[in-house]
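>>> Sequence plus the predicted model coming up.
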Amino acid sequence: MSEGWAEKNTFCPACGCPVSHFENNRPVADFYCSDCREEYELKSKKDLMGNKIVDGAYRTMIERLQSDNNPNFFLLNYNPKNFNVFNFLVIPKHFFVPEIIERRKPLSQDARRAGWVGCNIVLKNIPQSGKIFYIKNGKPKAKKEVLENWHKTLFLREEKELATRGWILDTMNCIDKIGKREFLLDEVYAFKKELKEKHPNNNFIKDKLRQQLQVLRDKGYLKFVLRGRYKLAI
């Protein structure tokens, strides 16, 4: 039912054309755009969206992050009583880095697939600009807004190295946590301890943050206001 709803109601966020359903049992993706060739995997969840989405095998997911056929993700959140859609969004594949994939415990020895290790997609580790809503809290978004939001972060695809892209996303998450459109460099530095725990081998966290802010400014994600002050441009 969720796949039928998505095929009927969804357009490609990259170009605006309708999406089509792949043949059944395709291992990677559920939908594709015949115009721009973007591919999408659909995940559905009843009740609240929450902070995590259950996915498949952990090893397979980590391998897919490095591959060319890693799809974008459609996430559908619905009411199981009346099947109304609460939220429907797309997460572009360039927001997928190992840090958003959580390894689950292996299945017990009594399980049919003993030792199998699954994974979760941790939504809270994805910057807000990586969650592009078609429907949010039951209210649909304009098609123009969806298309514009998709194109604002395509610059991330230029960075093929996952570790480097991960640092850009870390910085974007810090900006999200500040919660203001205009912010100070010192407010970004306040996350130094948190980032040091995440990157224990990096002894130059502040330098790294300044570097990523420069990248985000050069890509049009940020604007430089004056010394030590930045503003979101999107």
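Received it, and whenever you're ready, just let me know what you need.
>>> switch to C-alpha atoms for all contacts and neighbour counts from now on
Fine.
>>> what about the protein, any weak spots by pLDDT?
Flagging of the chain using pLDDT under 70 yields the residue ranges 24-28.
>>> got the residue ranges for the strands in it?
Under the criterion DSSP state E, the chain contains strands at 20-21, 31-32, 39-46, 52-57, 72-78, 85-91, 101-103, 118-122, 132-136, 139-140, 182-184, 222-226, 229-232.
>>> Mean neighbour count, those strands: which tops it?
strand 31-32 (a mean of 24; mean count of other C-alpha atoms under 10 Å).
>>> Which residues does it contact?
Under the criterion C-alpha atoms under 8 Å, 6 or more residues apart in numbering, residues 7, 19, 20, 21, 22, 38, 39, 40, 41, 42 lie in contact with strand 31-32.
>>> Just list the residues touching the second one, thanks.
Applying C-alpha under 8 Å, 6+ apart, we find residue 19 in contact with 7, 10, 11, 12, 31, 32, 33, 34.
>>> now, which of the residues you listed lie within helices?
residue 7 (DSSP state H).
>>> Out of the contacts of residue 19, grab the one that's most surrounded.
When neighbours are counted by other C-alpha atoms under 10 Å, residue 31 leads those with 27 neighbours.
>>> For it, list each beta-bridge partner.
Assessed by DSSP bridges, residue 31 has beta-bridge partners residue 21, residue 40.
>>> Renumber starting at 58 from here on
From this message on, residue numbering opens at 58, which makes the last subject residue 88.
>>> domains of this protein?
Residue ranges for each domain of the chain read 59-215, 219-289, as given by automatic domain parsing.
>>> so who does the residue of the chain most remote from its centre touch?
Relative to the C-alpha centroid of the chain, counting by C-alpha atoms, centre = their mean, residue 167 is the outermost residue, at 34.5 Å. Residues near residue 167 by C-alpha under 8 Å, 6+ apart: none.
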